[in-house]
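*Asks:* next comes the sequence, and after it the predicted model I'd like to discuss.
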Amino acid sequence: MDAALPMTSIDPRDRVALRDWATASRAAFLQPAPTEEALDERLAEVADHRLTAVRDVVGGEERVVATLRTFDAEVAVPGAEPVVVDAVSTATVLPTHRRRGLLSRMLTADLERARDGGLALAALIAAEAPIYGRFGFGTATRSTSLVVDHTHVRFRPDAPSAPGSLEFVPAGRTEDLARVHDRARRARPGGFPRDAAWWAAAGRRGEGRWLGTRGHVVLHRDEAGVPDGYVAYDLADTSTGRVAGGTATVADLSATTPAAYRALWEFVTSIDLVRSTRAADRPVDELLPHLLVDPRAVQTGPVDDFLWLRVLDVVGALSARRYLGAGTLVLEVVDPLGLAGATVRLHVAPGERGDGEGWLSPEVSTTGAAPDVVLGVGELASLLLGGTSAMALHRAGRLRCSPADAHALQRLFATPEAPWCPTWF
Ligand SMILES: CC(=O)SCCNC(=O)CCNC(=O)[C@H](O)C(C)(C)COP(=O)(O)OP(=O)(O)OC[C@H]1O[C@@H](n2cnc3c(N)ncnc32)[C@H](O)[C@@H]1OP(=O)(O)O
């Protein structure tokens, strides 16, 4: 590990320092140095974030050669209020300085800081899947892509439907969208918040990461006029000669009721001159095929990891969610980095399912008892939101326990919906 190079915090309001930091991080992502305008936008996004830099003397000048950005954000967990996590992003090391341990130094220092500050979890989106397992992260949500052939779309007569209205939203007017998204992201494990800077970037038509040059946003309101869903889509014209053949690309679709969801998909798939729709970063248990007479109108795949979690406090992480299954298991959680390893008793009593949805609160405490299940801290992160099968991990040799205890884990951690995070950060 290259411990000689100094690692420092960057104040995002120090424009010179921010430019050096952003120039290095963009170079590692194969992008040119930021323009002054891009720097303004970056400042708006990272003003409250923790920025780390490693510097080296390059060609007689001190330069940033490695970066890390972290900030506190909420992640939705099963059956309970969202949990504040250490969100990790912009982990970069210049190609001239790679594989000398710089990422390891920056990330472990930040994870220690977050743990000492009382956070139970860290979260990130991995650029490449092999990078973060060694740091104790595990895949917590997965996403998939869809291609919908409009010519085969017909909604079933029993598909949810309710009176409502649709309207185009002018560029940059994101307040209603933000409110819809905020309700939706709390309701499903894996949901991640979008702050004003995120929406401002999305609202810059043609430039944001959300809308392309031909982007449109359509808002759905319920019968009372309350916004309950929206879709943001681009159009590509793939016509040949006199044959119209446009493709819609859904960049974002969020709805707080099945009826609004159906109305938005029905709208997109019935736009004149548009023959198909593509959508990425969708949940793996997307509702759309179940609403159609011919579910093969929707092609699904591939499935990829999206949100990764890192448990920093085993008792805190297991206590933060609620459970549908009841049971008692002693878990020995092994952490190769020595940050969070612990043996804990997870007890979920059958009891009252008072909230009408069936969620049960756990009792979690450290114990000296012999474990029923021995698992890595990354495997626990994969199980936590219900997005990974304990039976699959067991069959893959990643849980040390009897098949019966793997089954008990599976029942405890299962969630009614697959966790989903559609927000890049
Ligand atoms: C959350 C995010 O920000 S994701 C974005 C990640 N960044 C990028 O993809 C940008 C391009 N890549 C980079 O900037 C760098 O190569 C990084 C940040 C991925 C890795 O930085 P490095 O300083 O080279 O990592 P470091 O030297 O600490 O490596 C630690 C270990 O991870 C391994 N590792 C690092 N990167 C990778 C990778 N891309 N694939 C597989 N293994 C990797 C190293 O081999 C090393 O293994 P070892 O401990 O067995 O020797």
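*Replies:* Okay, I see it.

*Asks:* can we go C-alpha only for contacts and neighbour counts from here?
*Replies:* Fine.

*Asks:* helices and strands around the strand or helix carrying Ser143, which ones?
*Replies:* Using DSSP states H and E, Ser143 sits within strand 142-149. In terms of contacts (3 or more CA pairs under 8 Å, 6 or more residues apart in numbering; DSSP states H and E), strand 142-149 is packed against strand 274-283, strand 298-305.

*Asks:* can you tell me which of the ones you listed is most buried?
*Replies:* Of all the helices and strands packed on strand 142-149, strand 274-283 has the most neighbours on average by mean count of other CA atoms under 10 Å, namely a mean of 21.

*Asks:* what residues does it touch?
*Replies:* The contact list for strand 274-283 (CA atoms under 8 Å, 6 or more residues apart in numbering) reads 142-151, 244-252, 268-269, 418-422.

*Asks:* repeat that for stretch 383-398.
*Replies:* 77-78, 140-142, 189-190, 317-318, 375-376, 379, 382, 399-401, 403, 406-407, 409-410, 413-415, 418-419.

*Asks:* which of those residues fall in helices?
*Replies:* The helices, defined by DSSP state H, take in 317-318, 379, 382, 403, 406-407, 409-410, 413 from these.

*Asks:* mind checking how far the nearest residue to Thr151 once chain neighbours are set aside is from the ligand?
*Replies:* Spatially, and ignoring its direct neighbours in sequence, Thr151 is nearest to Arg275 (6.9 Å; CA to CA, 6 or more residues apart in numbering). Taking CA to the nearest ligand atom, to the nearest Å as the measure, Arg275 falls 35 Å from the ligand.

*Asks:* near the ligand, which residues of this structure?
*Replies:* Within reach of the ligand by CA under 6 Å from any ligand atom, the chain has these residues: 28-29, 88-94, 98-104, 124-128, 130-131.

*Asks:* circling back to that earlier point, narrow the ones in helices among the contacts of stretch 383-398 to those that are buried.
*Replies:* Buried by 16 or more other CA atoms under 10 Å: 317-318, 379, 382, 406, 409-410, 413, out of those.

*Asks:* that older thread, show me just the buried residues among the residues of the chain next to the ligand.
*Replies:* By neighbour count, with 16+ other CA under 10 Å, those hold 28, 88-94, 102-104, 124-126 as buried.

*Asks:* out of the residues you listed, who's nearest Pro157?
*Replies:* In terms of CA to CA, no member of these lies closer to Pro157 than Ile125, at 39.1 Å.

*Asks:* beta partners for that closest one?
*Replies:* For Ile125, the beta-bridge partners are Leu307 (DSSP bridges).

*Asks:* Asp234 bridge partners, please.
*Replies:* For Asp234, the beta-bridge partners are Thr249 (DSSP bridges).
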